[in-house]
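[1] Just the structure for this:
(one chain, ligands or ions: 1)
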Amino acid sequence: MTSSLFDTAPDFSQPIAVLKHCHDRIRKQLATLQKLPAHLAEHGADAEAQQAAQAVLKYFSHAAHLHHQDEEQNLLPMLQATAQGDDAALLHDLAPRILAQHQLMDADWLVIQAQLDKIATGEDRALSDALVRQFAEAYTAHMEVEERNIAPMAKRLFSDEQMRSLGDAMQLRRGITPAAQDTPGTPDTSDTPAVAAATVGGVDLADLRLDYGRASLDESDVLDDPVAQFAKWFDEAMNAKVFEANAMSVATVGSDGKPSSRIVLIKQYDHSGFTWYTNYDSRKGHQLAENPNAALLFFWRELERQVRIEGRVELTSSEESDKYFYSRPVKSQLSAVASQQSEPIASRAQMESNYAAVEAASGDHPQRPPHWGGYRMIPERVEFWQGRASRFHDRIVFTLQPDGSWSKQRIQP
Ligand SMILES: Cc1cc2nc3c(=O)[nH]c(=O)nc-3n(C[C@H](O)[C@H](O)[C@H](O)COP(=O)(O)O)c2cc1C
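    A predicted model of the protein is given here:
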């Protein structure tokens with residue numbers, strides 16, 4: 001009997017088996033991650049802990065992300081296009097939950113990643129046991145739902161041609177040309193990070209721009225849940241390497257009725273809202289305190305797309321603000337403490353001196369100031385705009401109904 005020297009993954013001609021293989025790898029990394037807090041408590045960030053942290057970091061920063069993209073951009077849309085009857089109803093329920101869970105797990109991962117970065121270099125031993133448990137439990141439950149419902153459905157419904165197309169898209173995402181995967185026993189590449197993804201789903205990015213000039217947005221293309229639809233477009237923008245896809249304009253109006261807008265970076269979105277972080281004493285902070293109604297705007301030029309989100313804004317909890325604040329690089333934490341955002345100051349030199357004073361006082365462990373934290377917009381209206389030829393654009397608007405459901409309506413360009 002011969003045995004391969006390599007850890008072999010199923011062939012990409014069986015894409016569902018490859019996805020299951022990815023789940024098994026995720027389970028393996030979760031098991032390592034869950035052992036770390038106890039090990040760190042006993043031994044600190046020793047060589048073994050560093051090695052474990054590096055392995056977990058490598059997997060969740062690259063391969064797990066590709067795996068989510070396989071599901072979000074290929075598997076689920078293909079199933080949605082194919083499923084009927086009970087299958088379609090189940091998908092209608094599950095798909096938005098799967099997408100939202102990806103977002104939540106990504107948010108937890110951000111914090112765990114920041115802690116593991118320091119463990120991997122032996123710099124620190126702090127790793128939140130509770131967060132690790134929450135992350136592992138969420139992932140485990142998530143994978144079970146997919147394995148119980150999504151994988152069998154895909155196996156049952158997909159034709160050979162659809163399986164081939166799914167496998168091809170997954171390979172291309174990993175920088176593999178489909179023909180290169182014909183040999184059984186090829187080294188495991190299911191976790192290989194994408195090489196400068198020049199192609200997305202088999203489409204050359206340079207062509208993508210041209211194609212989008214002819215793209216359309218039909219009522220039937222748009223998911224019934226605006227957050228899931230936003231997730232779909234956001235991922236497509238990230239994949240198309242749109243410049244600063246996570247930058248959005250936030251427009252606010254204070255009690256004087258005069259609007260003001262600025263760019264911030266979105267840090268999280270899910271069914272509870274769209275979150276960014278800033279200084280509560282800034283100009284936007286004062287305006288939001290006077291009037292919590294605001295408008296967000298994303299413009300993804302390369303894809304000729306715009307998303308407008310309007311709603312009420314609330315503060316994130318201090319736990320959430322802490323979680324994000326302490327996940328930032330220390331220098332960014334120090335900047336946040338040192339800056340009285342939007343207040344006048346005499347000179348750059350004065351700013352530098354304020355920063356140096358904060359650094360001298362708090363070193364590598366600044367405390368989050370109470371006036372720095374997150375805002376979360378709870379959406380009431382979300383509009384998806386797709387550019388079309390001759391300015392005859394597509395616009396689909398979601399409006400929140402009193403019973404909490406969303407209505408969907410086409411409006412004129
Ligand atoms: C690409 C980009 C990203 C930005 N991200 C943030 C951010 O996440 N939070 C923030 O407070 N300011 C961010 N800013 C700065 C804001 O645009 C703005 O200058 C600052 O928040 C003060 O705005 P205000 O005086 O209206 O409160 C960003 C600016 C740019 C151009």
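[2] For Ala247, which non-adjacent residue is spatially closest?
    The shortest distance from Ala247 to any residue other than its chain neighbours is 5.2 Å, reached at Ile263 (C-beta to C-beta, 6 or more residues apart in numbering). To be clear about C-beta, it is placed using only N, CA and C from the backbone, and glycine gets the same treatment.
[3] ok, now which ones touch the nearest residue to Pro413 once chain neighbours are set aside?
    Nearest residue to Pro413, sequence neighbours excluded (C-beta to C-beta, 6+ apart): His393, at 4.0 Å. By C-beta atoms under 8 Å, 6 or more residues apart in numbering, the contact set of His393 is Trp385, Gln386, Gly387, Pro413.
[4] any idea how far the second one lies from Val227?
    Put plainly, it is Gln386. Per C-beta to C-beta, to the nearest Å, Gln386 is found 18 Å from Val227.
[5] Using the record's assignment, carve the protein into domains.
    With domains defined by automatic domain parsing, the chain comprises 15-178, 226-326+368-411.
[6] Any chance of these in JSON lines with distance to Asp218 as columns?
    Formatted as JSON lines, the domains of the chain follow (distance: least, C-beta to C-beta, whole Å):
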{"stretch": "domain 15-178", "distance to Asp218": "12"}
{"stretch": "domain 226-326+368-411", "distance to Asp218": "7"}
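[7] Please give me every residue in contact with the residue in the stretch 101-250 of the chain that the ligand sits nearest to.
    As assessed by C-beta to the nearest ligand atom, the ligand sits closest to Ala247 within the stretch 101-250 of the chain, at 4.4 Å. By C-beta under 8 Å, 6+ apart, Ala247 lies in contact with Ile263, Val264, Leu265, Ile266, Phe298.
[8] From those residues, pick the one nearest Leu40.
    Distance to Leu40 across the contacts of Ala247 (C-beta to C-beta) is lowest for Leu265, with 30.9 Å.
[9] Can you pull the phi and psi angles for the closest residue to Leu400 other than its chain neighbours?
    Beyond its immediate neighbours in the sequence, the residue positioned closest to Leu400 (C-beta to C-beta, 6+ apart) is Glu380, lying 4.6 Å away. Dihedral pair for Glu380: phi -120, psi -20, per degrees, to the nearest 10.
[10] Do I have it right that Glu380 meets Val313?
    No: assessed by C-beta atoms under 8 Å, Glu380 is found out of contact with Val313, at 11.1 Å.
[11] More neighbours: the two, which one.
    Regarding Glu380 and Val313, a neighbour count based on other C-beta atoms under 10 Å identifies Val313 as having more, with 23 against 15.
[12] Name the residues of the longest helix along the chain that come out as buried.
    Ranked by residue count, the top helix of the chain under DSSP state H comes out as helix 85-120. For helix 85-120, the neighbour count (16 or more other C-beta atoms under 10 Å) marks 87, 91, 94-96, 98-109, 111-117, 119-120 as buried.
[13] what's the residue closest to the geometric middle of the protein?
    Taking C-alpha atoms, centre = their mean, the centroid of the chain lies closest to Gln103, which sits 5.1 Å from it.
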